[in-house]
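Chemist: Just need the structure, nothing else, for what follows:
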Amino acid sequence: MVNKPPSRRARLVLFTCAHSVLFWAAIITAVSIVGLLVGSQIAHDRGQSVGWYTGFGQWLGALGSFIAAGAALWISMSDRRHNMAERQRTEDRQDADLKRQAGLVQVTAKMFGKSQPIGPALPTASIGIRNRRTDRIFDIGVVKFIHHGEEMELTVGRVNGFAVSPRKQKSYYFAEQLPGLALETDEWLVIYQQDTLPNTPADFASVRYTDSMGRRWEVDTEGAVTRL
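Modeler: Numbers count the residues shown, from 1 in each chain. Model prediction:
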């Protein structure tokens with residue numbers, strides 16, 4: 001298919017859009033001044049009164065002032081729109097950076113080894129939370145838990161922490177201690193499902209936490225990140 005060249009009207013529209021208000025203000029002013037000079041000269045050569053041209057010149061001066069004021073207003077509004085757009089782009093980039101950082105808290109639902117008083121660790125369905133951020137996180141909790149297609153409230157069986165603050169070693173915690181735990185960089189913990197559930201990983205789980213700047217986030221096993 002052969003592309004048709006743009007019509008005369010389309011070319012005129014493109015030309016108009018391609019030039020600024022200042023350009024057209026200068027063109028209109030110049031054309032008006034030239035018209036005034038030519039008309040005055042013709043009237044003078046024919047012996048006609050040029051008084052009305054004098055009045056027109058005063059009106060043209062006022063029009064020029066109006067055009068200048070309009071151009072200044074347009075420039076001001078354009079700068080304001082540009083600054084607002086630039087500020088919005090900066091905020092969007094900052095939000096995207098914050099979400100990328102929040103996503104460094106990785107949530108998994110799989111089988112983790114659960115140690116026993118006697119014998120080897122038993123594979124147990126669990127929620128794993130690992131902090132890959134450069135700052136600590138706290139106020140950690142599982143807020144959504146789907147198992148075998150059914151959403152339910154997770155009853156935590158036990159929490160197994162690996163180098164979890166305030167203890168810098170492998171430790172075991174009770175469920176009620178979970179909100180008071182904090183994860184530094186590269187620390188992680190395992191939340192074991194209650195024994196009443198089948199020993200299979202959850203279909204989906206989401207975790208909320210607070211970062212070191214007090215921002216609240218929700219991350220899930222599918223990698224989605226939401227700022228709260």
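Chemist: Which strand residues bridge residue 189?
Modeler: residue 129, residue 161 (DSSP bridges).
Chemist: Per-residue pLDDT of it, please?
Modeler: On the pLDDT scale, residue 189 is placed at 88.
Chemist: again, but for the one 3 residues further on
Modeler: What the model reports as pLDDT for residue 192 is 88.
Chemist: Residue 172 is in contact with that one, correct?
Modeler: No - taking contacts as C-beta atoms under 8 Å, residue 192 lies outside contact range of residue 172: 9.9 Å. C-beta here means a position set from N, CA and C on the backbone, and glycine is covered the same way.
Chemist: Overlap of the contact sets of those two?
Modeler: Taking C-beta atoms under 8 Å, 6 or more residues apart in numbering as the criterion, residue 192 and residue 172 both touch 158, 159, 160.
Chemist: What subset of these is buried?
Modeler: Buried members of those, scored by 16 or more other C-beta atoms under 10 Å, are 158, 159, 160.
Chemist: circling back: which one's more surrounded, residue 192 and residue 172?
Modeler: residue 192 (18 against 14; other C-beta atoms under 10 Å).
Chemist: coming back round to it: now the buried ones among the shared contacts of residue 192 and residue 172 in JSON lines, with distance to residue 98?
Modeler: Shown next, in JSON lines, are those (distance: C-beta to C-beta, whole Å):
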{"residue": "158", "distance to residue 98": "32"}
{"residue": "159", "distance to residue 98": "27"}
{"residue": "160", "distance to residue 98": "29"}
